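*Asks:* pasted the sequence and its predicted model underneath.
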Amino acid sequence: MKTRTSITLNLAGALLLVIASATIAGAQTGSDTCVGLNATIGGTCAPLTNTTSANSGNTAIGTDVLLSNTTGRANAAVGTNALQNNTGGGTNVAFGHNALFGNTTGSDNTAIGSFAMQNSAIGQ
């Protein structure tokens, strides 16, 4: 049973990488990366470049991730609604459903797990 689960997870991970690579390959140059429904980094992830934050090395994977970002730099967000309200916070890591959801300008935060630091507006 564990082997089957491991193989399934590995295949799912490989499929995600293929989809992400195909999407990224067709995009213009820039240092922001988005994968997922409405993972837009401030509404500008087609063509995967965030013009309002000057291609600042943000990564958004999941639905509505980094949706409000405008000037935030070097953020990594994975999971539905992760860092959704971030506007100017930078160097944040949010991994999980609603992780750092309410963060707006806080920087240098790490939130791992569903709802981790969900109501933190400015963090550090």
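*Replies:* Structure received. Residues are numbered from 1 along each chain as shown.

*Asks:* what's the local residue count around residue 102?
*Replies:* A count of nearby residues for residue 102, using other Cβ atoms under 10 Å, gives 17. For the C-beta atoms, the positions are set from N, CA and C on the backbone; glycine is no exception.

*Asks:* C-terminal to the helix or strand bottoming out on mean pLDDT in the chain, what's the next element?
*Replies:* Within the chain, no helix or strand scores below helix 2-25, which has a mean of 53 by mean pLDDT, DSSP states H and E. As assigned by DSSP states H and E, the chain's next helix or strand after helix 2-25 is strand 33-35.

*Asks:* so residue 120 touches residue 109, yeah?
*Replies:* Yes - the pair residue 120 / residue 109 is scored as a contact, 7.1 Å apart, by Cβ atoms under 8 Å.

*Asks:* now do the shared contacts for the two.
*Replies:* 100, 103 (Cβ atoms under 8 Å, 6 or more residues apart in numbering).

*Asks:* who has more neighbours out of the two?
*Replies:* residue 109 (23 against 17).

*Asks:* the more buried one: what's it in contact with?
*Replies:* Residue 109 neighbours (Cβ under 8 Å, 6+ apart): 89, 92-94, 100, 103, 117, 120, 123-124.
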